[in-house]
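Colleague: prediction below, plus the sequence it came from.
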Amino acid sequence: MKKALMAATAGLFFVFAAGCSIQVDKAKNGKDKNVKIDTPLGGLHVRADDTSAADVGLPTYPGAHIAPDKDGDKSADVHLGFGEWQLRVKVVTYDTSDPQDQVVAFYQKAMSRYGDVIRCEGNQPVGTPTVTREGLTCSDDNSKAHVHVAENSSLSLKAGSRRHQHIFGIEKNSGAGTRFSLVELQLPAAVDTGSKESN
């Protein structure tokens, strides 16, 4: 996700290179860890491997450990902004030896602090409610915003509004135990013009 967002926006920033500052911090293994690009029009900030469940606004499941994704990244915090247009995605992935149902029940309760919690399989709701009081549905993360934060999930929980979402997703084919991702997604105001806003 981090790489896709960077690739999609890099060209745009270089068009406005005048007055542009670029800072790249390397990890011990030589990989780009933090990237900061600022222009007179806006900026792109990416931090890798520095985000926890608390940063996403959720508790860490007891005994769970942060786990790297297929690219070796343990977490990401991506912030893209042009004036009032702001997009922010925070994501962190964990592993636990506990069964899926136990982990889902834990986060169903934890996410209720943000209001209604909906359960989704892909883009389809399972059970009730099927939409939060703030108007969030199972398909809102990838319909108009074009941000696919739960594409590798077989099951997810969502809470909040279309513009400010908290998402828990179970990774597909996780084998023994449970691998899950926690996401906080803040979308530009234009995404939520037709519904109530709750930030």
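Modeller: That came through, no problem. Residues are numbered from 1 along each chain as shown.
Colleague: adjacent strands (with direction) for the biggest strand by length in the chain?
Modeller: Among the segments of the chain that qualify as a strand by DSSP state E, the longest is strand 85-96. Strand 85-96 sits in its sheet next to strand 65-66 (antiparallel), strand 75-82 (antiparallel), strand 178-186 (antiparallel), going by DSSP bridges.
Colleague: all helices for the chain, in order.
Modeller: 2-15, 53-56, 100-111 (DSSP state H).
Colleague: lowest-confidence stretch among these?
Modeller: The weakest mean pLDDT among the helices of the chain belongs to helix 2-15, with a mean of 44.
Colleague: give me the pLDDT value at Asn152.
Modeller: Confidence score, pLDDT, at Asn152: 56.
Colleague: kindly apply the preceding question to Gly63 instead.
Modeller: So Gly63 comes in at 94 (pLDDT).
Colleague: that one: neighbour count?
Modeller: 10 (other Cβ atoms under 10 Å). For every residue, glycine as well, the C-beta is placed using N, CA and C.
Colleague: go ahead and confirm it touches Gln102.
Modeller: No. Taking contacts as Cβ atoms under 8 Å, Gly63 lies outside contact range of Gln102: 10.8 Å.
Colleague: thinking again about what came up before, so for the longest strand of the chain, mean pLDDT?
Modeller: 87.
Colleague: for it, list every residue counted as buried.
Modeller: By neighbour count on 16 or more other Cβ atoms under 10 Å, the buried set for strand 85-96 is Leu87, Arg88, Val89, Lys90, Val91, Val92, Thr93, Tyr94, Asp95, Thr96.
Colleague: distance-wise, check the fifth one relative to Glu184.
Modeller: Distance, Val91 to Glu184, using Cβ to Cβ, to the nearest Å: 8 Å.
Colleague: what touches both of those two?
Modeller: Taking Cβ atoms under 8 Å, 6 or more residues apart in numbering as the criterion, Val91 and Glu184 both touch Val56.
Colleague: ok, back up a step: now tabulate the buried residues of strand 85-96 in JSON lines and tack on distance to His79.
Modeller: Converted to JSON lines, these look like this (distance: Cβ to Cβ, whole Å):
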{"residue": "Leu87", "distance to His79": "7"}
{"residue": "Arg88", "distance to His79": "5"}
{"residue": "Val89", "distance to His79": "8"}
{"residue": "Lys90", "distance to His79": "9"}
{"residue": "Val91", "distance to His79": "13"}
{"residue": "Val92", "distance to His79": "15"}
{"residue": "Thr93", "distance to His79": "19"}
{"residue": "Tyr94", "distance to His79": "22"}
{"residue": "Asp95", "distance to His79": "26"}
{"residue": "Thr96", "distance to His79": "28"}
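Colleague: for this protein, give me the ranges with low pLDDT.
Modeller: 1-45, 49, 69-74, 140-153, 172-175, 190-199 (pLDDT under 70).
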